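Undergrad: one predicted model, sequence on top.
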Amino acid sequence: MELENEKEVKILAIESSCDETAAAVIVNGRDLRSNVISSQIATHTLYGGVVPEIASRKHIEKINQVIEEALADADMTLSDIDAIGVTYGPGLVGALLVGVAEAKALSYASNIPLVGVHHIEGHISANYIENKDLEPPFLCLVVSGGHTHLVRVADYGKYEILGRTRDDAAGEAFDKVARAIGLGYPGGPKIEKVSHEGNPEAISFPRAKVGDGVYDFSFSGLKSAVLNYLNGCKMKGEDINQADVAASFQKSVTDVLVEHAANAIDEYKMDKFAIAGGVASNGTIRAAMEEMCKKKGVKFYHPSPILCTDNAAMIGAAAYYDFIAGKRAGLDLNAVPNLKLGD
Amino acid sequence: MKVLALDSSGLVASVAVVEDDNLLGEYTINYKKTHSQTLLPMLDEVAKMIELDLKTIDVIAVSAGPGSFTGLRIGSATAKGLALALDKKIVSVPTVDALAYNMWGSDAVVCPLMDARRNQTYTGLYEFVDGKMETIKAQCVVMLDEIVEIINALGRKVVFLGDGVPAFKEYLEANIKVPHMYAPASMNKQRAASVACLGASLADQGMAEDAKDHKPEYLRVSQAERERQEKERDFKIC
């Protein structure tokens, strides 16, 4: 019994980088004991997007309650916890600071080691929770409202970024297009839903190429193409088929993501491919990735939707591997809004 | 009663531990580093120096606003994390009250001025009667000329302090019609010792709250909320 306890590392994780206040308890990076997310989406919907100051205010109101709930759901108290993991970037600085200050104070007053976690590293690590067999090396595409990264995970905590977006994140493009065709916020789920009634081949939107970066993405051109198309229709007095625009836009994004992933799988001879981030819960994109992987004989991994959205479980999974590698944060840990992966 | 106090509402970061009538330790800095980098290391320094067992603290006092939104949240989140780990309560101390308390015993009316931008100030008016701080005007956010008008109408000697003084001095000199003075560097910015003293008295009155319920008092809605409210008002007028 004692031996079993000894090898268990219990991590309390905290995430507040954008508009979800979240805490979770995870054992050995894979065994999830609790996952509490307090979403602010209803509030931000009033403004058509996340308002940083409002997000920060909501975080400070909810954070203790969320942490207490995560501990209670896991049937643990702080004295059971071996390490605290916290997102310290990238994200909204005011929002990050709430989680960072809270985690540091908790760590200090309870004498529990602290680990600072990169938000993207968290998204990638979300895949470990439900896929016990997944181990590096593998290729991971992280797509969310704030990020679009194609990452080679060489080992735990070792990342090579093969490509990233030059302008808008994929999720951002979804939000902007959704707004333009009158679907509102949040764009991802809304576009996916109406796309089911639309024809993805109805309108030919561009598949953006970025000249010098083989695996880099660009979505602002696509967004402009959609806006131009909408304007064109208006000028000509033509009706806009919302579902066709949504489906064609989604197809364009999907094609680019799949093509980049497929090329990287070939070049780096990867036999495992994972997706992560909020946009990874898009069923159409997931299905296209799965099909591509199947054709190539590559094993495909993806987290459940609840682990795709911002959450603390994934931060705990990443914190575990950082913790056993000896990584520790000091009392002067600061929020780093534009933190680079690998810093 | 042993009180741990934090203030990161403005440019200054300050930490203090007060036990009954003794200030055991106070650490205040006004430097370019962010509060996120300084506040907790400062607490650690003070705690080490006075061999503080955090568990012996009775209550955590925090300067709860108004002030820099981000600064307030760093103080609040730090207080909330400490309180959660130590199972203590938090007492929210109004920032402007705590600033005024720096001038304990003054025979002049005390007017803290914090720069709230957009020509506004976080301010209030206080006086000391028989060793007790009385509020003449509770902390608020107002246009600078508004508070100056109130001070002139009071017709009493006034002492100014706070980080708003350098920004407003020119206007004050031109418009204040009563005898006035400015507090010196030893007491003209936030001091956690004052937060601790006021915090102890508020805690005595049963004003401490559960850590999970604590939040800063901004005295202002966010810019997005303000614009939305204005838009809604305009709609109604139309």
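TA: Sure, I can see it.

Undergrad: who's A:Cys160 bridged to?
TA: Slight slip there: residue A:160 is Glu, not Cys. Taking DSSP bridges as the rule, A:Glu160 bridges to A:Arg152.

Undergrad: that one contacts A:Cys140, doesn't it?
TA: No - taking contacts as Cβ atoms under 8 Å, A:Glu160 lies outside contact range of A:Cys140: 10.8 Å. Heads up, the C-betas are built off the backbone N, CA and C, glycines and all.

Undergrad: what segments of the chain are strands?
TA: Here I'm looking at chain A. Secondary structure of chain A (DSSP state E): strands at A:10-15, A:20-27, A:31-39, A:83-89, A:114-118, A:138-143, A:148-155, A:158-164, A:272-276, A:299-301.

Undergrad: my bad, chain B
TA: Per DSSP E, chain B carries strands over the ranges B:2-7, B:13-19, B:22-29, B:59-65, B:89-94, B:109-115, B:120-129, B:132-143, B:158-161, B:180-182.

Undergrad: tell me which parts of chain B are close to chain A?
TA: Proximity of chain B to chain A (Cβ under 8 Å from any Cβ of the partner chain) is limited to residues B:34, B:36-41, B:43-44, B:54, B:69-70, B:73-74, B:76-86, B:211-212, B:215-216, B:218, B:222-225, B:228.

Undergrad: need the buried ones from those residues selected in ChimeraX.
TA: Applying 16 or more other Cβ atoms under 10 Å in any protein chain shown to the residues of chain B next to chain A, the buried members can be selected in ChimeraX as follows:
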select /B:34,36,37,38,39,40,41,43,44,54,69,70,73,74,76,77,78,79,80,81,82,83,84,85,86,211,212,215,216,218,222,224,225
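
Undergrad: identify the single longest helix in chain A, thanks.
TA: Using DSSP state H to define each element, chain A has its longest helix at helix A:242-267.

Undergrad: tilt between that helix and strand A:138-143?
TA: Here the directions of helix A:242-267 and strand A:138-143 differ by 160 degrees (axes from the mean of the first three to the mean of the last three Cα atoms, to 10 degrees).

Undergrad: buried residues in helix A:242-267?
TA: Under 16+ other Cβ under 10 Å, the buried positions of helix A:242-267 are A:242-254, A:256-258, A:260-262, A:264-265.

Undergrad: of A:Glu160 and A:Cys140, give the one with the bigger neighbour count.
TA: A:Cys140 (28 against 14; other Cβ atoms under 10 Å in any protein chain shown).

Undergrad: mind checking the strands of chain A for the one nearest to B:Tyr126?
TA: Nearest of the strands of chain A to B:Tyr126, taken as Cβ to Cβ: strand A:20-27 at 36.3 Å.

Undergrad: and that closest one, what other elements does it pack with?
TA: Contacts defined by 3 or more Cβ pairs under 8 Å, 6 or more residues apart in numbering or on different chains; DSSP states H and E place strand A:20-27 against strand A:10-15, strand A:31-39, helix A:52-73, helix A:313-324.

Undergrad: quick one: closest of these to chain B.
TA: Ranking the helices and strands packed on strand A:20-27 by proximity to chain B (Cβ to the nearest Cβ) places helix A:52-73 first, at 3.8 Å.
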